[in-house]
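> Give me a 3D structure for the following:
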Amino acid sequence: MAVFWKAEESQIKYFIWHIVEPLEKLVSHLYPQEIEELAHIQVLEKKYEYAAVRNLMQHIAFQEHFTYVSIQKDENGKPFLPTIPLEISISHAFPFVAVALASKPLGIDIEKKQEKIRIVARRVFSEKELSLAQNDLNLLTQLWTAKEAIYKAYSRKGIAFKENIICDFCSGKRIFCKAWIKKEGFSVEYTLYHHAFAPTHHLCIAF
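Predicted structure coming up:
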């Protein structure tokens, strides 16, 4: 299918694609460089995700009136498009992929709601975060996607999820909508946007 969801938050545009096409159809739209990169991916599900993201980028380019060339990555592994002056972020959790665009650094993450988040919670969430979440899987998934999105937005190494990425509720709301990276006297604040676009999946954008 084409775009499953398109939305805007503040200065951000984001697009979600639901993968229902056969891999061959997705691959038929790829550039030669992308087909070569795809050949190095061994896991079938990851092949679908890689190809779907590139198909989605072509659709976005058409909708937003810019020229698409293959996605590039900088020295920290952060994706960028050399043809447009916008920041991009990419995420996938089969059968969905997502891309977000903005004028400033941002991160997007999709996760499937599943019990494994509870299993790893104490390794990646602080005691205060765990207390706020109260073992609620929806809130724990919010936390997980938020930390992943912030990590992508910051796009530098040396950040620990539990110690350096701090998420909190907004006043009077049971939702993690503000966060910080804090490390050795350095601090940067992020706003979090959440979207439960499907019963099984959750999306967060950090900006």
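
> C-alpha only now, for contacts and for neighbours.
Fine.

> Run through the residues that contact the nearest residue to residue 149 once chain neighbours are set aside.
Distances taken as CA to CA, 6 or more residues apart in numbering place residue 107 nearest to residue 149, at 4.3 Å, with adjacent residues excluded. If you count contacts by CA atoms under 8 Å, 6 or more residues apart in numbering, residue 107 has them with 88-90, 100, 148-154, 205-207.

> Kindly report the same for residue 90.
By CA under 8 Å, 6+ apart, residue 90 lies in contact with 53, 79, 97-100, 107-109.

> Tell me which of the residues you listed fall in helices.
Judged by DSSP state H, these include residue 53 as members of helices.

> Longest strand in the protein, please.
strand 186-198 (DSSP state E).

> Which residue, neighbours along the chain excluded, lies closest to residue 98?
residue 16 (4.4 Å).

> Am I right that the one you found is in contact with residue 93?
No - the criterion here is CA atoms under 8 Å, and residue 16 misses it with residue 93 at 10.8 Å.

> And the two? Which one has more around it.
residue 16 (23 against 17; other CA atoms under 10 Å).

> Okay, and the more buried one sits in which element?
Using DSSP states H and E, residue 16 sits within strand 12-18.

> what inclination does that strand have with respect to strand 186-198?
Per axes from the mean of the first three to the mean of the last three CA atoms, to 10 degrees, the angle that strand 12-18 makes with strand 186-198 is 40 degrees.

> low pLDDT regions in this structure?
1-2 (pLDDT under 70).

> quick one, helices of it?
For the chain, the helices defined by DSSP H cover 23-27, 32-38, 44-64, 116-124, 127-133, 137-154, 161-164.

> Deepest in the core, which of the ones you listed is it.
With neighbours defined as mean count of other CA atoms under 10 Å, the helices of the chain peak in mean count at helix 137-154, which reaches a mean of 24.

> That one packs against which elements?
On a contact count with 3 or more CA pairs under 8 Å, 6 or more residues apart in numbering; DSSP states H and E, helix 137-154 meets strand 107-112, helix 116-124, helix 127-133, strand 165-169, strand 176-183, strand 186-198, strand 201-206.
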